[in-house]
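Asks: Sequence plus predicted model, see below.
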Amino acid sequence: MKRRKSKAILSVLIGLPLVLSACGGNQEESAGNTPSSASASQGGEEGSPSPSGTAQADPFGKYDPAVSITAARPVGKPSEGDANNPYNRLFQQELGIKVAYDWTAPNNSYDQKLSVSMASGELPDLFWVNANQLAQLVEAGQVEDLSAVYDKYASPLTKKIMTEAANQLDSAKFDGKLYALPYTSSPYDQSQFMWIRTDWLKKLNLPEPKTMADVLQLSDAFTHNDPDGNGKNDTYGLAINKNLTTAFYTVITGLMNGYHAYPDIWIKDSSGKLAYGSIQPEVKQALAELQKLYQSGQIDKEFGVQDESKVIGSIDKFGILFGSLYAPVSGMNAVKDQHQDMDWQAYPVPSIDDDPAKVQTTLGVQSYYVVKKGYAHPEALIKLMNTHLEYDFGDGERADQYREKLKALSGGNEFVVDDNDAVVGGEPPTKNYDEYVAINQALQSNDPSKLGPSMKAPYDQVSAYLKGDTENLGLNWAFAKIFGPQSAESVEGHYLDQQLFIPDAFYGAPTPTMRDKMAALNKMEVETFTKIIMGAASADEFDKFVEDWKKLGGEQITKEVNDWAASR
Amino acid sequence: MNSHKSFHLFNYAFFIVLSLLCLLPIVHVLAESFSSNSAVTSGMVDLWPVDFTLDSYRYVLSKPELYRAFGISVERLAAGTLINLVLCVMIAYPLSKEVKSFRARTFFAWFFVFTMLFNGGLIPSYMVVRYTGLLDSIGALTLSNAVNVFFVVLMLNFFRGLPKELEEAAFVDGAGHWTTLWRIYVPLSTPSIATIALFSMVFHWNSWFDGLIFMNSPDHYPLASYLQTVVNVSLQQLMEQGDLNNLVEVSDRTARAAQILVTTAPILVAYPFLQRYFVKGIVLGSVKG
């Protein structure tokens, strides 16, 4: 009975397009699409292995006749959603791969749109997913296993970039099989840097801090010695915001790293097992110190209600902040325009003891590229990635040729690295650092002619700032603080040299208990930490937090994370 | 006398505070949109612009996406409101009759009310739009919201309030239901039709989520969906792409403020003109119903 009813509804639904397609020209087109994509997804369920045709594995080999691939992607600027932009035309010209977008959505609503698409079983051939969606798709068997085609087709450059930073490619593997290519970005740029208000240093005649003890002294001086010289007690040592560890700037994470504590990431404990950083005893020590800072007025009493952009907006009142390399362009540039005396510089996070401090990094991968199960040419994704990385970061004849062709395709415009218009993307983890090195060589030799077009703009900004131009001061200053001599990138260079990074040891998809409980645990963490810092609870409250954390799902999560580690 | 006075005093104070609560955020956004970006970011702008500039409006109005989205919104508004009104009137009329003259009335009334209480949810709605071939077309935005039962109830109550004698007289003169509806009822119902038109216009102008879900490219978004993508930017995604220039743009709150005002202005302007019907219409419908 029930079945007959649903059949009746179905037949009505199927009949409707016929009726409605007469309503307008536009609808006819999408109705026409239905049968073809439906049959394609049926093919996917049968899971026919891909006939990869060519025996010879040329990473840049051209399809003849050309193949087409439907895709979906998030877009920032309009050209990114254009299937006919120069990059995608280059793919067609060089690889014989014709890209067409089934749909595109703005960055912030892409996930929603994809979820609907996944739930209704309407997947394009090639699309972006996040770690969670990747795990779901792999579990449901809806995406193609790329292990074989990756080994066969990935170019040396692709392989290098994919594996350069810790765990990036491995995070796309399930049971040893590769199901996606990561959109690689730099984990290093988003690690922890200590930013110090250097014009205050000079004013108070203080030396640059070398140890955490120096920093604490400095914070005291910045608070109580009237560094802005207005005779009022209106400055603070340390800038932090209400999210404590999860924001990008004005976090406590960097300070914690100085105490060898690593909140929010998974670390290897002494027995080699994975343990959660936020519940380690070192965290308690750092929290006790923050409590002292708060009590002596070195932290703004209102931090508990201010998010990072709010704190950055009044950053001229603060002397020290921890956060990512991008801090100067986050709004500090605008504050600089209003307070031109203000100057900040990045320093490595100092240590509380003799062991050098190491800074924590995340995976540096937010998205992955997957190929729908049943698509006939899964290696097309690898070839697209090879080509994209080649023209962006390769050197040699082929890369130069590609760039020339791109220039011709875009009507003579200068080729610019990484403008994100191609259907695939990614960059080496040290992209910005490499640019810093090149820019500083050019600054020293005063010869920017060797710089690529993408470095030209930062070079101009840095040198304008160094020359003392006052036009666009804030932005030029910000770029000088990131790319100039004595900048955040030089600190990153120091980190890279000394290998001072602690990567997150867990880089799988969220485990089942994580999905259920992690949000609540994180909330509890922020609440407890905030209470301790504000003195509403003593530092011993931390021990109770650790107990609660374990009881409320943390123990189970730890077990799952260790199971995951054992399975790799 | 005295208590009367203090009541008035309290009343005025209360409503002044209430209206300030509504007004101040708009004034703040207005001030931000006319200020320089650096002043806004460093938190110096409250209710009056600092470093007065029209730059953000120049920037916002120079974007072709804005005009495209505006065009789609106008199209949606025109088609959507018309569909809403016609269907609403045609459904409300039979339902306003008594069971005597329309035997299946109870069934149909519940049929519509049911959809007020329960709906299929996101995925089934998406599937319906998908399989009716409306995806990525203006039909997805207008036809999937063609009937709003709340409007129907409002209209129905209004129809019931009209004197029955009018209808009887029309029948005597040989008019059928069709003629009675369009020649007698509709002309008499302008207040409630205007009310529903206003509701419907505001609904179509403001709804953004269906645009995100049913349209396949940002090029096809109506204004509200477009605005949502501009105002609500994800820092995470930009960080990932490591593009410093994008990050700078994110902190550009002035442009966002200008965008908010530009997109809300048209409906704000339409409001006062329709408002007098609006109040009258609701009251008439409810009291006489």
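Replies: Great, that's in hand.
Asks: can you map out the helices along the stretch 251-400 of chain A?
Replies: A:253-258, A:281-295, A:308-313, A:332-338, A:379-393, A:397-409 (DSSP state H, counting those that start in this stretch).
Asks: SS state for A:Arg515?
Replies: Put simply, A:Arg515 is helix when judged by DSSP: H, G, I helix; E, B strand; the rest coil.
Asks: need the residues of the stretch 451-568 of chain A near chain B, please.
Replies: A:Ala457, A:Pro458, A:Gly474, A:Leu475, A:Ala478, A:Phe479, A:Ile482 (Cβ under 8 Å from any Cβ of the partner chain). Where C-beta positions appear, they are placed from N, C-alpha and C, glycine not excepted.
Asks: returning to that earlier point: hey, which of the helices of the stretch 251-400 of chain A is tucked in deepest?
Replies: Mean neighbour count (mean count of other Cβ atoms under 10 Å in any protein chain shown) peaks for helix A:253-258 among those, with a mean of 28.
Asks: In the stretch 101-250 of chain A, where is pLDDT below threshold?
Replies: The model of the stretch 101-250 of chain A has no residue with pLDDT under 70.
Asks: Quick check: residues of it near chain B?
Replies: Going by Cβ under 8 Å from any Cβ, the residues of the stretch 101-250 of chain A near chain B are A:101-109, A:112-113, A:116, A:119-120, A:122, A:183, A:185-186, A:189-190, A:248.
Asks: Any stretches of the chain with poor pLDDT?
Replies: All of this refers to chain A. In chain A, residues with pLDDT under 70: A:1-56, A:415, A:417-419.
Asks: that's the wrong chain, I meant chain B
Replies: In chain B (pLDDT under 70), the answer is B:1, B:233-251, B:276-289.
Asks: domain ranges for it?
Replies: B:2-41, B:61-288 (automatic domain parsing).
Asks: can I assume A:Ala83 is in contact with A:Tyr101?
Replies: Yes. Counting by Cβ atoms under 8 Å, A:Ala83 does reach A:Tyr101; the two are 5.1 Å apart.
Asks: Run through the strands of the stretch 401-550 of chain A in chain order.
Replies: A:501-503 (DSSP state E, counting those that start in this stretch).
Asks: residue ranges for the helices of it, please.
Replies: For the stretch 401-550 of chain A, applying DSSP H, counting those that start in this stretch gives helices covering A:431-445, A:453-467, A:473-483, A:488-498, A:512-533, A:541-549.
Asks: hey, which of the ones you listed is tucked in deepest?
Replies: helix A:473-483 (a mean of 24).
Asks: From the contact counts, what lies against it?
Replies: Judged by 3 or more Cβ pairs under 8 Å, 6 or more residues apart in numbering or on different chains; DSSP states H and E, helix A:473-483 is in contact with helix A:332-338, strand A:344-347, helix A:431-445, helix A:453-467, helix A:488-498, helix B:244-250.
Asks: want to throw these into a markdown table with distance to A:Gly553?
Replies: Shown next, in a markdown table, are those (distance: least, Cβ to Cβ, whole Å):
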| stretch | distance to A:Gly553 |
| --- | --- |
| helix A:332-338 | 38 |
| strand A:344-347 | 37 |
| helix A:431-445 | 37 |
| helix A:453-467 | 45 |
| helix A:488-498 | 34 |
| helix B:244-250 | 34 |
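Asks: B:Thr229 is nearest to which of these?
Replies: helix B:244-250 (12.8 Å; Cβ to Cβ).
Asks: And B:Glu167, how close does it get to A:Val283?
Replies: 78 Å (Cβ to Cβ, to the nearest Å).
Asks: A:Ser120 too?
Replies: According to Cβ to Cβ, A:Ser120 stands 44 Å off from A:Val283.
Asks: Okay, and which of the residues of the stretch 101-250 of chain A next to chain B map to helices?
Replies: A:Gln112, A:Lys113, A:Val116, A:Ala119 (DSSP state H).
Asks: residues from the stretch 251-400 of chain A in reach of chain B?
Replies: So the stretch 251-400 of chain A meets chain B at A:309-310, A:312-314, A:316, A:324, A:326, A:329-331, A:333-339, A:364-367 (Cβ under 8 Å from any Cβ).
Asks: try 10 Å this time
Replies: A:308-316, A:324-326, A:328-339, A:362, A:364-367 (Cβ under 10 Å from any Cβ of the partner chain).
Asks: which residues sit against whichever strand or helix holds B:Thr106?
Replies: Taking DSSP states H and E as the definition, B:Thr106 sits inside helix B:105-117. Residues outside helix B:105-117 that contact it (Cβ atoms under 10 Å, 6 or more residues apart in numbering or on different chains): B:91-92, B:94-99, B:102, B:104, B:147-150, B:152-153, B:156.
Asks: What residues of it count as buried?
Replies: Within helix B:105-117, the residues scored as buried using 16 or more other Cβ atoms under 10 Å in any protein chain shown are B:Arg105, B:Ala109, B:Phe112.
Asks: For chain A, what's the nearest residue on chain B?
Replies: B:Gly133 (2.9 Å; Cβ to the nearest Cβ).
Asks: As CSV, the helices of the stretch 401-550 of chain A with distance to A:Pro263 would be great.
Replies: As requested, the helices of the stretch 401-550 of chain A are exported to CSV (distance: least, Cβ to Cβ, whole Å):
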stretch, distance to A:Pro263
helix A:431-445, 25
helix A:453-467, 32
helix A:473-483, 25
helix A:488-498, 19
helix A:512-533, 8
helix A:541-549, 12
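Asks: Can you say which of the ones you listed is nearest to A:Leu409?
Replies: Of these, nearest to A:Leu409 by Cβ to Cβ is helix A:453-467, at 15.4 Å.
Asks: could you give the angle of that closest one to helix A:431-445?
Replies: 50 degrees (axes from the mean of the first three to the mean of the last three Cα atoms, to 10 degrees).
Asks: What ranges does the stretch 1-150 of chain A have for its helices?
Replies: For the stretch 1-150 of chain A, applying DSSP H, counting those that start in this stretch gives helices covering A:2-20, A:25-46, A:86-95, A:110-119, A:131-139, A:147-153.
Asks: quick one: the third one near chain B?
Replies: No. Residues of helix A:86-95 contacting chain B under Cβ under 10 Å from any Cβ: none, with a closest distance of 14.6 Å.
Asks: who does that helix touch, helix- and strand-wise?
Replies: strand A:67-75, strand A:97-106, helix A:379-393, helix A:397-409 (3 or more Cβ pairs under 10 Å, 6 or more residues apart in numbering or on different chains; DSSP states H and E).
Asks: picking up where we left off before, wait, which of the helices of the stretch 251-400 of chain A is closest to A:Gly426?
Replies: helix A:379-393 (6.5 Å).
Asks: I'd like the distance from the closest one to the chain centre, please.
Replies: 20 Å (Cα atoms, centre = their mean, to the nearest Å).
Asks: my guess is A:Trp195 is in a strand, correct?
Replies: Yes. Under three-state DSSP, A:Trp195 sits within a strand.
Asks: if I read this right, it contacts A:Tyr347, doesn't it?
Replies: Yes. Between A:Trp195 and A:Tyr347 there is a contact under Cβ atoms under 10 Å: 7.6 Å.
Asks: so what sits against both of these two?
Replies: Common neighbours of A:Trp195 and A:Tyr347, using Cβ under 10 Å, 6+ apart, are A:Ile320, A:Ala488, A:Val491.
Asks: Could you export those as a markdown table, including distance to B:Trp182?
Replies: Formatted as a markdown table, these follow (distance: Cβ to Cβ, whole Å):
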| residue | distance to B:Trp182 |
| --- | --- |
| A:Ile320 | 75 |
| A:Ala488 | 72 |
| A:Val491 | 76 |
